[in-house]
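Asker: Sharing a model prediction with you, sequence too.
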Amino acid sequence: MNANRTSESANEQALANTAIRRESSLPPLPANLKRPVRMFTARLSRRIAFWIFVSVIAIETIIFFPSLRNRERELLDQIKALSATKIAVLMQTLPSHLSETAFLDKAQRVLIDSLIVGMVLYRADGSEAGVRGERPAMTFQHIRAGGQETLLDRADNRYDVACAGAWQNGHYYLVLRHDTNPVVRELYAFFLRIAGLVVIISIFVTAGAMIALGPMVLTPILKLRRDLEAAGDAVGNDRPSPQFQSAGLRRVDELGDVISAFQGMFAQITDAISHRKQAQTELKKTFHQLETYSRALNKELEKGREIQLNFLPAELPELNGWEFKTFFQPARQVAGDYYDVFRLSDRRIGIVIADVCDKGVGAALFMALFRSLIRIFSGQFEVNAGGACPASSLAADMPVDPSWGRDEDLSDEDRAALRAVVHTNSYVARNHGDLGMFATLFFGVLDPQTGQMGYINAGHDPLVLTAAQGGIRQRLEPTGPAVGLSSDAVFRIARARIEPGEILLGYTDGVPEATTQEGELFGSQRLDALFGNRFATAAELVAAIAEKVQAHTGDAEQFDDITMLSIRRADISGAI
């Protein structure tokens, strides 16, 4: 059995291969037939042919049904005329002395055949004289009341015809019942003839329309479709413009407008692509130049950052009983914040924290200027201090805060050093006032032996002096305006004392103004809450603030420089 199945499978495969070889050996279509075949295989052609065919069928169908009804009426009228003729001849040929029964018998033998299947005779008064064969459905009431002469019953294929005539000096009505099955068959044959004719006409009309529409509509559309495909391939694969098949068509109708619009659109697209390529080439050159400039600028900014960091103290002073700690985090590569701690004469320590307005390169340049002027005018370097700002005029320019005691409590060295703020303000306001650059600045002169510090706060955020056990003991409020706003500005000198175990913290506005991504500020309240804790070292306080600020801002972009300077005096036992 398995051998038989294997043999059958082999035979089927052989037959399939033979069929394939026969198909492959068929001769190709002649060139003059390829165009009609291709035209009729196109989707648009098939759709047009379908709707033309359907439209012709619909029109012929609308015309056909009235024709079918007229044909039916003609056949029934023929039956009526034939029956009337037969009755007239019968009444003329029969003798007048026959009885009604004999008349009906004679009429049955003469009239009833395959077409007439029954009859009924009515007298003039409506009484029935007799019935032969199948009783007609038409009654005397139909004849007299409705005036009918015929009655068609399509359900039973019957047709009744009433004929009137005089016989035996009386008036009679003879109703004949006809079988209309021959009529139905004739109508069916008529329907088939007309339907076949309609189909033939539809086929010829469709073919003729397609042959006429081919060169006028279908062929140009097919060429335009191939041109669109070629244009899309050329644009998508960045190839040269193809030779369009529709370019040779010269038409003055709507299809010609479409072809012209397509060719114009493609020309615009190719021009736009050409301009785009040129723009891309120029853009690449520009990007290359920008990258070169950006690398050069970043290199210069990095140098600026290194120089600026070099301006900051490389090492903080190491004094017995004192701790100095700083924090510096610029928002950009260069910053406008700075701090400074340097030694003055007579073992004094200069302390500076400042914030130049704005950010970036301009602020960094002015930061260097402020830093240099403060150092020079404070007497860290040997300069002609007496000529620039005489000590005798300092009392008028910088009156001492009366709350700190007598004027004699402030040493001449402190007064001379703090005079640097006046000189710096005067220089910047007079020489660079048109640039609108200024700085908030705190400059203090600390005596490490006593903890006394004279200072000028030029518009800077108040420095906070925390008690040894925690909490804010004093805020060093501003004693004058920002440096550089006006050459006539007056600055007051104030004093503070750092007791053992206390910490002095200065910071720039980048600390309270640190912002989250939602725009919420770190704020002074959070900062003051930290001061309520006790910190054993200045570094611990700075680290705690930096950690809280970072936790608050998260991944938000830093908008301002953050700078802190913390100074702690050891407690009585000498522990830092």
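Answerer: Yep, that arrived. Numbering: from 1, shown residues only.

Asker: buried residues in the host helix or strand of R193?
Answerer: Per DSSP states H and E: R193 is located in helix 181-213. By neighbour count with 16 or more other C-beta atoms under 10 Å, helix 181-213 contains the buried residues V183, L187, F190, I194, V198, S202, V205, T206, A209, M210, L213. (Glycine included, C-beta is placed from N, CA and C.)

Asker: Using JSON lines, lay out these together with distance to G471 and pLDDT.
Answerer: Listed next are the buried residues of helix 181-213 as JSON lines, based on distance: C-beta to C-beta, whole Å; pLDDT from 0 to 100:
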{"residue": "V183", "distance to G471": "124", "pLDDT": "88"}
{"residue": "L187", "distance to G471": "119", "pLDDT": "87"}
{"residue": "F190", "distance to G471": "119", "pLDDT": "85"}
{"residue": "I194", "distance to G471": "115", "pLDDT": "84"}
{"residue": "V198", "distance to G471": "110", "pLDDT": "83"}
{"residue": "S202", "distance to G471": "106", "pLDDT": "82"}
{"residue": "V205", "distance to G471": "107", "pLDDT": "82"}
{"residue": "T206", "distance to G471": "103", "pLDDT": "79"}
{"residue": "A209", "distance to G471": "103", "pLDDT": "76"}
{"residue": "M210", "distance to G471": "102", "pLDDT": "74"}
{"residue": "L213", "distance to G471": "99", "pLDDT": "71"}
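
Asker: got a list of contacts for the helix or strand hosting I143?
Answerer: Using DSSP H and E, I143 sits in helix 140-144. Outside helix 140-144, the residues within contact range by C-beta atoms under 8 Å, 6 or more residues apart in numbering are Y122, G126, E128, Q148, E149, L151, A162, Y173, V175.

Asker: And stretch 188-208, by the same measure?
Answerer: Outside stretch 188-208, the residues touching it (C-beta under 8 Å, 6+ apart) are A49, I52, F53, V56, I57, E60, T61, F64, S67, L68, R71.

Asker: Report the distance from that stretch to the chain centre.
Answerer: Distance of stretch 188-208 from its chain centroid, counting by C-alpha atoms, centre = their mean, to the nearest Å, is 56 Å.

Asker: Centre of the chain to the helix holding R193, how far?
Answerer: 56 Å.

Asker: what about R348, how many neighbours?
Answerer: Neighbour count for R348, taken as other C-beta atoms under 10 Å: 23.

Asker: residue contacts, the residue nearest to it when sequence neighbours are not counted?
Answerer: Setting aside the residues directly before and after it, R348 is nearest to V445 in space (C-beta to C-beta, 6 or more residues apart in numbering), at 5.3 Å. V445 makes contact with L344, R348, I349, G350, I351, E413, D414, A417, L418, M453, G454, Y455 under the criterion C-beta under 8 Å, 6+ apart.

Asker: returning to what we had before: selecting buried members of the contacts of helix 140-144 in ChimeraX, what would you type?
Answerer: Of the contacts of helix 140-144, the buried ones can be selected in ChimeraX as follows, counting by 16+ other C-beta under 10 Å:
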select :122,149,151,162,173,175
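
Asker: tell me which residues in the helix or strand encompassing L224 are buried?
Answerer: Using DSSP H and E, L224 maps to helix 219-236. Using 16+ other C-beta under 10 Å as the test for burial, helix 219-236 gives T219, P220, I221, L222, K223, L224, D227, A230, A231, A234.

Asker: any idea of the angle the helix or strand just after that helix forms with helix 219-236?
Answerer: On the C-terminal side of helix 219-236, the closest following helix or strand by DSSP H and E is helix 254-311. Between helix 254-311 and helix 219-236, the angle comes out at 10 degrees (axes from the mean of the first three to the mean of the last three C-alpha atoms, to 10 degrees).

Asker: so what does the next helix or strand after helix 254-311 touch, helix or strand wise?
Answerer: Where DSSP H and E defines the elements, the next helix or strand beyond helix 254-311 is strand 322-329. Contacts defined by 3 or more C-beta pairs under 8 Å, 6 or more residues apart in numbering; DSSP states H and E place strand 322-329 against strand 337-343, helix 538-553, strand 562-569.

Asker: Neighbouring strands - and their directions - for strand 322-329?
Answerer: Looking at strand 322-329 with DSSP bridges, its partner strands are strand 562-569 (antiparallel).

Asker: CA atoms of the strand it pairs with as CSV?
Answerer: The C-alpha trace of strand 562-569 is given here as CSV (Å, rounded to 0.1, in the frame of the first residue of the first chain):
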residue,chain,number,x,y,z
ILE,A,562,27.9,79.3,45.9
THR,A,563,30.6,80.5,48.2
MET,A,564,31.1,80.1,52.0
LEU,A,565,33.8,81.2,54.5
SER,A,566,33.7,79.9,58.0
ILE,A,567,36.0,80.9,60.9
ARG,A,568,35.9,79.2,64.3
ARG,A,569,37.7,80.2,67.5
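
Asker: could you give me the average pLDDT of it?
Answerer: Across strand 562-569, pLDDT averages out at 95.

Asker: any low-confidence regions in the stretch 1-150 of the chain?
Answerer: Residue ranges of the stretch 1-150 of the chain with pLDDT under 70: 1-42, 146.

Asker: and if we set it to 50?
Answerer: Residues of the stretch 1-150 of the chain meeting the criterion pLDDT under 50: 1-2, 16, 19-20, 22-26, 29.

Asker: That one: helices as residue ranges?
Answerer: For the stretch 1-150 of the chain, applying DSSP state H, counting those that start in this stretch gives helices covering 2-24, 31-41, 43-93, 100-111, 140-144.

Asker: For the shortest one, which residues meet the burial criterion?
Answerer: Across helix 140-144, burial judged by 16+ other C-beta under 10 Å covers F140, H142, I143.

Asker: ok, those residues vs F559, which is closest?
Answerer: Nearest to F559 out of those is H142 (C-beta to C-beta; 108.3 Å).

Asker: Closest to the centroid, which residue in the protein?
Answerer: Closest residue to the average C-alpha location of the chain: G236 at 22.9 Å, with C-alpha atoms, centre = their mean.

Asker: The helix holding L224 relative to helix 43-93, how many degrees between them?
Answerer: Using the same axes, to 10 degrees: helix 219-236 against helix 43-93 is 160 degrees.

Asker: by contact count, what packs against helix 219-236?
Answerer: Counting contacts by 3+ C-beta pairs under 8 Å, 6+ apart, helix 219-236 is packed against helix 31-41, helix 254-311.

Asker: can I get those in a markdown table with mean neighbour count and distance to C357?
Answerer: Output for the helices and strands packed on helix 219-236, formatted as a markdown table (neighbours: other C-beta atoms under 10 Å; distance: least, C-beta to C-beta, whole Å):
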| stretch | mean neighbour count | distance to C357 |
| --- | --- | --- |
| helix 31-41 | 12 | 80 |
| helix 254-311 | 12 | 16 |
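
Asker: helix/strand/coil for the residue nearest to R348?
Answerer: Here V445 is strand, with the state taken from DSSP: H, G, I helix; E, B strand; the rest coil.

Asker: returning to that earlier point: out of the helices and strands packed on strand 322-329, flag the one nearest Q329.
Answerer: The nearest among the helices and strands packed on strand 322-329, by C-beta to C-beta, is strand 562-569 at 4.5 Å.

Asker: buried sites along that closest one?
Answerer: Buried, per 16+ other C-beta under 10 Å, within strand 562-569: I562, T563, M564, L565, S566, I567, R568, R569.
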